[in-house]
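J.: Build me a structure from this.
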Amino acid sequence: NDKEKFSAATEFAMRLAFSLLLLTVSTLQLNLAQSLEENENCERLPGGFSLGWSVNEALGGIHFNLSASNFSPGNWVALGISRVQTGGARMDGTDATIVSYDGSSVNVQDYHLESKSECDIEKSTGVCPDEIFGGTKDLVNAQGTFADGTVTATFFKAFDTGDQFDVPVGVSDNTFIEIATGPMSVETGMPMKHASTPSTSLRVDFGRTPLNNCVRVVPDKDLTPIPAPVLEPIPVPSNPELFREGYTMSVSLGCNIDAYWMPLNGDSSEISMVIAGRTPGWVGIGFSKSGFKMVGSDAVVGWVDGNGSKIRPYRLKGQSKDQVVLHPKLSLTNKSASEINGITTVYFTRKLLSGDNPIYPNDITIFGAYSDADTMGHHQCVSSSGLRLNMITGQRIATSNPSTAHKDAHGALMVSFGIFIIMGMVAARYTRTVGASDTWFKLHLSIQIVAMTIGTIALIIALDMNAGQHFKTVWHGQFGMAIIALAWLQFILGIIRPTNPIEDEAKSNLRVAFEWVHPNIGRLLIIAAIVNIFEGINIGPWDWWMYLLFGLILGLLAVVAGIMEFCLYKRLKTEKRF
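T.: This next block holds a predicted model:
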């Protein structure tokens with residue numbers, strides 16, 4: 001009969017909705033696994049090593065990515081480029097990048113192999129950092145991470161650094177390299193004799209047609225497990241002109257903002273910096289000594305207007321405009337700014353120990369922000385997370401990134417919230433004839449409880465993620481809070497609803513009002529949630545597939561609702577005949 005058909009259609013619709021939710025989660029996990037393996041070039045090497053690289057002709061060098069699995073604290077792994085390029089690699093004279101992990105941080109350094117012995121600093125012999133021999137540190141944006149027994153390092157190196165202790169790297173012919181690993185000396189902190197090398201010599205064509213041979217495949221049970229994937233290098237801003245001016249250290253801060261600075265050493269008392277943002281308005285950089293906390297940070301902001309350039313130091317005392325005040329103790333010199341082709345570039349020199357957040361070069365957190373306005377005011381975009389750096393080496397300090405994890409969790413939960421409130425509406429409208437008289441209500445209430453739990457957790461994560469800073473956009477965060485508030489209002493209205501009259505009793509005015517207000521607030525809530533979820537996907541930013549997936553889920557739910565609406569129409573039409 002019609003009731004059995006309708007019940008079967010309802011069960012099918014609910015199963016489909018839950019399947020779509022599971023598909024969302026599994027696809028998100030798959031995308032994360034794939035994104036970790038994206039490299040322009042990558043080769044897996046014997047011994048559990050992986051080497052990835054990307055050639056950057058504009059900057060005149062190569063971004064490298066070195067990974068070693070089954071790695072233990074107190075050890076090192078090295079990429080060596082042989083000075084002898086005929087007959088195989090030779091250790092003596094090799095130019096090496098050595099990555100070590102002491103149990104708390106990963107260190108990436110430029111070494112020269114003068115001989116096969118351990119480094120003797122007094123005699124300047126053995127395997128030592130370049131500066132021991134009078135050379136220079138030539139690794140740019142060197143950084144490393146350690147997780148689950150795998151150490152990974154990324155760095156940029158020029159084709160020809162001009163340092164006599166470095167080996168020029170070409171992209172038109174094959175290059176002999178060596179990969180090795182061994183223990184670090186507890187007494188000296190220097191590398192000791194290597195424990196293994198994957199081969200006496202390996203040849204790599206760095207200028208080959210891009211090919212990634214590190215893509216994960218599912219191995220047969222008899223094969224050796226594939227080592228962890230090579231992580232994608234951090235994007236390095238491309239500005240050859242600033243490189244030539246001496247701003248050889250650089251990092252991207254997000255929001256289309258790049259930061260550059262001249263190399264520092266342990267004796268530096270000031271830092272010369274450039275910040276460049278794709279905006280005709282102001283661009284700024286913040287400094288925090290206590291992690292990514294906007295409130296309490298120091299900032300340098302610059303812009304160009306009709307009266308020339310303005311570069312000013314600020315103290316961020318709070319989130320409102322009147323709490324962003326000029327900072328008399330933040331010392332700036334050599335200030336200038338330009339605006340060319342929609343890009344604002346700000347130059348300044350800052351005293352390292354000035355301000356409330358002195359720059360200790362081996363550990364400082366920085367972030368960027370901008371606005372298209374030429375007067376100081378609310379930003380249009382701010383870095384979604386701070387960048388903790390060692391500004392001497394340009395190395396990102398290995399640390400967890402709660403902002404990114406929070407953002408992903410918040411986004412996934414809000415997508416689920418949107419799906420569940422739609423399912424709740426479907427249950428309320430189309431399942432009234434299924435089971436006992438109150439079955440539809442119990443189903444509706446259960447789904448809405450799940451939706452409110454998910455939405456509230458997502459809001460808590462968002463508030464924690466933005467503690468100490470503004471919401472990233474002008475309206476997404478505020479709109480989201482309004483949606484959750486409206487959802488709670490809707491939920492409470494459903495709980496304290498006026499009693500439905502029995503049999504032929506007349507409905508009270510409150511009941512009539514409730515039956516109009518409650519479903520229409522629900523419809524408004526669904527529309528608002530869908531709009532804000534798409535905006536959240538946009539500012540995440542999540543990949544195009546997330547737009548497609550969420551749109552596909554909405555489309556399928558709309559088709560299911562349409563079918564059930566048609567079934568409901570036919571049933572009501574049939575009942576009217578009798």
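J.: Point out where the stretch 251-400 of the chain drops to low pLDDT.
T.: By pLDDT under 70, the low-scoring segments of the stretch 251-400 of the chain are 265-266, 290-293, 361-362, 384-385, 393-400.
J.: whoops, I mixed them up, the stretch 451-578 of the chain
T.: Of all residues in the stretch 451-578 of the chain, those with pLDDT under 70 make up the ranges 465-474, 503, 539-544, 575-578.
J.: which residues in it form helices?
T.: Remark: helices assigned in the stretch 451-578 of the chain by DSSP state H, counting those that start in this stretch are 476-495, 509-539, 544-577.
J.: Mind checking those for the one nearest to Gly207?
T.: Proximity to Gly207 (CB to CB) singles out helix 544-577 among those, at 30.9 Å. C-beta: built from backbone N, CA, C; applies to glycine.
J.: Okay, angle between the closest one and helix 509-539 too, please.
T.: 160 degrees (axes from the mean of the first three to the mean of the last three CA atoms, to 10 degrees).
J.: so what secondary structure elements neighbour helix 544-577?
T.: Under the contact definition 3 or more CB pairs under 8 Å, 6 or more residues apart in numbering; DSSP states H and E, helix 544-577 sits against helix 2-35, helix 402-430, helix 509-539.
J.: check contacts around Lys317.
T.: By CB atoms under 8 Å, 6 or more residues apart in numbering, the residues touching Lys317 are Val295, Gly296, Gln323, Val324, Val325.
J.: what residue ranges in the stretch 1-150 of the chain score low on pLDDT?
T.: 1-39, 46, 84-92.
J.: cutoff 80 now
T.: Low-confidence segments of the stretch 1-150 of the chain (pLDDT under 80): 1-40, 43-48, 56-59, 83-93.
J.: residue boundaries of the strands in it?
T.: Using DSSP state E, counting those that start in this stretch, the strands of the stretch 1-150 of the chain run over 41-45, 49-56, 61-68, 75-81, 95-101, 106-113, 127-129, 140-147, 150-158.
J.: swap in the stretch 301-450 of the chain?
T.: Using DSSP E, counting those that start in this stretch, the strands found in the stretch 301-450 of the chain span residues 308-316, 324-326, 332-340, 343-351, 364-371, 381-382, 387-390, 395-396.
J.: so who does the closest residue to Ala482 other than its chain neighbours touch?
T.: Spatial nearest neighbour of Ala482, chain neighbours left out: Ala528 (7.8 Å); criterion: CB to CB, 6 or more residues apart in numbering. For Ala528, the contacting residues are Phe479, Ala482, Ile483, Leu486, by CB under 8 Å, 6+ apart.
J.: Distance to Gly48 added to the residues you listed, as a markdown table?
T.: Formatted as a markdown table, these follow (distance: CB to CB, whole Å):
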| residue | distance to Gly48 |
| --- | --- |
| Phe479 | 48 |
| Ala482 | 52 |
| Ile483 | 48 |
| Leu486 | 53 |
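J.: Give me the neighbour count for the residue lying closest to Leu352 once chain neighbours are set aside.
T.: Leaving aside its sequence neighbours, Leu352 sits nearest to Ile359 (CB to CB, 6+ apart; 4.5 Å). By other CB atoms under 10 Å, 24 other residues sit near Ile359.
J.: And for the one 10 residues further on?
T.: Per other CB under 10 Å, the neighbour tally for Ala369 reads 26.
J.: Equivalent analysis for Ser268, please.
T.: For Ser268, the neighbour count with other CB under 10 Å is 15.
J.: thought it was touching Arg350?
T.: No. Ser268 is beyond contact range of Arg350, at 11.1 Å (criterion: CB atoms under 8 Å).
J.: follow-up on the earlier one: now the helices of the stretch 451-578 of the chain in JSON lines, with distance to Arg278?
T.: Shown next, in JSON lines, are the helices of the stretch 451-578 of the chain (distance: least, CB to CB, whole Å):
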{"stretch": "helix 476-495", "distance to Arg278": "20"}
{"stretch": "helix 509-539", "distance to Arg278": "16"}
{"stretch": "helix 544-577", "distance to Arg278": "21"}
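J.: Can you say which of these is nearest to Ile179?
T.: Closest of the helices of the stretch 451-578 of the chain to Ile179 is helix 544-577, at 35.0 Å (criterion: CB to CB).
J.: in that closest one, what counts as buried?
T.: The neighbour-count check on helix 544-577 (16 or more other CB atoms under 10 Å) flags Met546, Leu549, Phe550, Ile553, Leu554, Leu557, Val560, Ala561, Met564, Cys567, Leu568 as buried.
J.: Please tell me how far Met546 sits from Leu554.
T.: From Met546 across to Leu554, the span is 12 Å (CB to CB, to the nearest Å).
J.: which of the strands of the stretch 301-450 of the chain sits most buried?
T.: Highest mean neighbour count of those: strand 364-371, a mean of 24 (counted as mean count of other CB atoms under 10 Å).
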